[in-house]
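Enquirer: Could you work out the structure for the sequence below:
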Amino acid sequence: ASPNTASSNEIIISVVQNVQPTVEIFADQSEICAGQKILFKASSTGGGSEPKFEWFVNNVSVQNSTSNIFSSSDLVDNDKVSCTLTSNSACASPNTASSNEIIISVVQNVQPTVEIFADQSEICAGQRVLFKAIATAGGSAPIYDWKVNSVIVQSSTDNTYSSADLVDSDNITCTLTSNSACASPNTASSNEIIISVVQNVQPTVEIFADQSEICAGQKVLFKAIATGSGSEPKFEWFVNNVSVQNSTANTFNSSDLVDNEKVSCIMTSNSACASPNTASSNEIIISVVENVQPTVEIFADQSEICA
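Expert: As a prediction, the model looks like this:
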């Protein structure tokens, strides 16, 4: 052999440090409504070229694949979601890693309701009515659509509505739109309030006497006939513009009247829709004839006669 020695090729050793895989999971939301889908995603290190992700709900395996994403619409309140990563990296030590745990809060679906009330349902023409809506499950900023005869007249976050333009048989309703995330459905319709509008009335009063020409000291009875007076009108009687009786009685009598005295009446109506609420009567002038003492005298054509 010449020479008798030989040198080999050189092999350079590459030493890869052992890696400890890690995995962390995230959810697009942690508080959901019942039946709502939630998406989970795993972020890993040291997973190798083709890691496996095994997803668990309450420690029960529900998905085992190379997908780092898991979704579900079947979760219930307090379900715990986690993930185990299995790395195919040759230097993974250990080759598995457990994720953090996400606890899901599930809010039960709610059905919104709305009920409306009016401060009065029978009004006079032109009178203002105030309506108020009481809602449940409306959320933090519900919308109230107020309607008159199915036509929207106000749409806002205001749960009150008022109007002085209503007419007889107008129909008031309200539709609530809830912004609660778990409202199902998110709208609700109210009860119906039908408004009764009574037309304004102008009261009248007319007085009558059982006689207008009397003897001195003779009693006269007066009576008032009223319209638009309501259930309990007041009648104020006057003699020569001086009040002599004020009560609910529509009659007045006197035996103290003298010649040419004027009797009249003002009626005050308690009808809610009286406009104005008072009315003045006609005037009756009394004629009083003074009492006379009759006398009689007799005469004869002669006072001495033959038998």
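Enquirer: C-alpha from now on. contacts and neighbour counts both.
Expert: OK.
Enquirer: which residues does the residue nearest in space to the middle of the chain form a beta bridge with?
Expert: For the chain, residue 133 is the residue whose C-alpha lies nearest the centre (Cα atoms, centre = their mean; 1.6 Å). Applying DSSP bridges to residue 133 gives these bridge partners: residue 116.
Enquirer: what sits against it?
Expert: 114, 115, 116, 117, 159, 160, 174 (Cα atoms under 8 Å, 6 or more residues apart in numbering).
Enquirer: Mind doing that once more with 7 Å?
Expert: Residues in contact with residue 133 (Cα atoms under 7 Å, 6 or more residues apart in numbering) are 114, 115, 116, 117, 159, 160.
Enquirer: The residues you listed into TSV, with extra columns for pLDDT, neighbour count and distance to residue 182?
Expert: As requested, the contacts of residue 133 are exported to TSV (pLDDT from 0 to 100; neighbours: other Cα atoms under 10 Å; distance: Cα to Cα, whole Å):
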residue	pLDDT	neighbour count	distance to residue 182
114	98	22	16
115	98	18	20
116	98	20	23
117	98	18	26
159	98	20	21
160	98	17	25
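Enquirer: Tabulate those in TSV, adding columns for distance to residue 3.
Expert: Shown next, in TSV, are these (distance: Cα to Cα, whole Å):
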residue	distance to residue 3
114	106
115	110
116	112
117	116
159	107
160	111
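Enquirer: Quote the end-to-end distance of stretch 26-45.
Expert: 15 Å (Cα to Cα, to the nearest Å).
Enquirer: In it, which residues are buried?
Expert: Neighbour-count burial for stretch 26-45 flags 26-27, 31-36, 38, 40-42, 44 (criterion: 16 or more other Cα atoms under 10 Å).
Enquirer: Mind checking the pLDDT average for that stretch?
Expert: For stretch 26-45, the mean per-residue pLDDT is 94.
Enquirer: Can you show me the strands along the stretch 201-307 of the chain?
Expert: 204-209, 213-215, 220-227, 234-239, 242-247, 251-254, 262-268, 278-280, 284-285, 287-289 (DSSP state E, counting those that start in this stretch).
Enquirer: could I get those as JSON lines with mean neighbour count, mean pLDDT and distance to residue 64?
Expert: JSON lines is the format used below for those (neighbours: other Cα atoms under 10 Å; pLDDT from 0 to 100; distance: least, Cα to Cα, whole Å):
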{"stretch": "strand 204-209", "mean neighbour count": "19", "mean pLDDT": "97", "distance to residue 64": "92"}
{"stretch": "strand 213-215", "mean neighbour count": "17", "mean pLDDT": "92", "distance to residue 64": "117"}
{"stretch": "strand 220-227", "mean neighbour count": "18", "mean pLDDT": "97", "distance to residue 64": "89"}
{"stretch": "strand 234-239", "mean neighbour count": "21", "mean pLDDT": "98", "distance to residue 64": "91"}
{"stretch": "strand 242-247", "mean neighbour count": "14", "mean pLDDT": "97", "distance to residue 64": "94"}
{"stretch": "strand 251-254", "mean neighbour count": "16", "mean pLDDT": "96", "distance to residue 64": "100"}
{"stretch": "strand 262-268", "mean neighbour count": "25", "mean pLDDT": "98", "distance to residue 64": "89"}
{"stretch": "strand 278-280", "mean neighbour count": "19", "mean pLDDT": "97", "distance to residue 64": "89"}
{"stretch": "strand 284-285", "mean neighbour count": "18", "mean pLDDT": "96", "distance to residue 64": "108"}
{"stretch": "strand 287-289", "mean neighbour count": "17", "mean pLDDT": "92", "distance to residue 64": "117"}
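Enquirer: could I get these as JSON lines with distance to residue 124?
Expert: Formatted as JSON lines, those follow (distance: least, Cα to Cα, whole Å):
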{"stretch": "strand 204-209", "distance to residue 124": "18"}
{"stretch": "strand 213-215", "distance to residue 124": "44"}
{"stretch": "strand 220-227", "distance to residue 124": "17"}
{"stretch": "strand 234-239", "distance to residue 124": "21"}
{"stretch": "strand 242-247", "distance to residue 124": "26"}
{"stretch": "strand 251-254", "distance to residue 124": "30"}
{"stretch": "strand 262-268", "distance to residue 124": "18"}
{"stretch": "strand 278-280", "distance to residue 124": "17"}
{"stretch": "strand 284-285", "distance to residue 124": "34"}
{"stretch": "strand 287-289", "distance to residue 124": "44"}
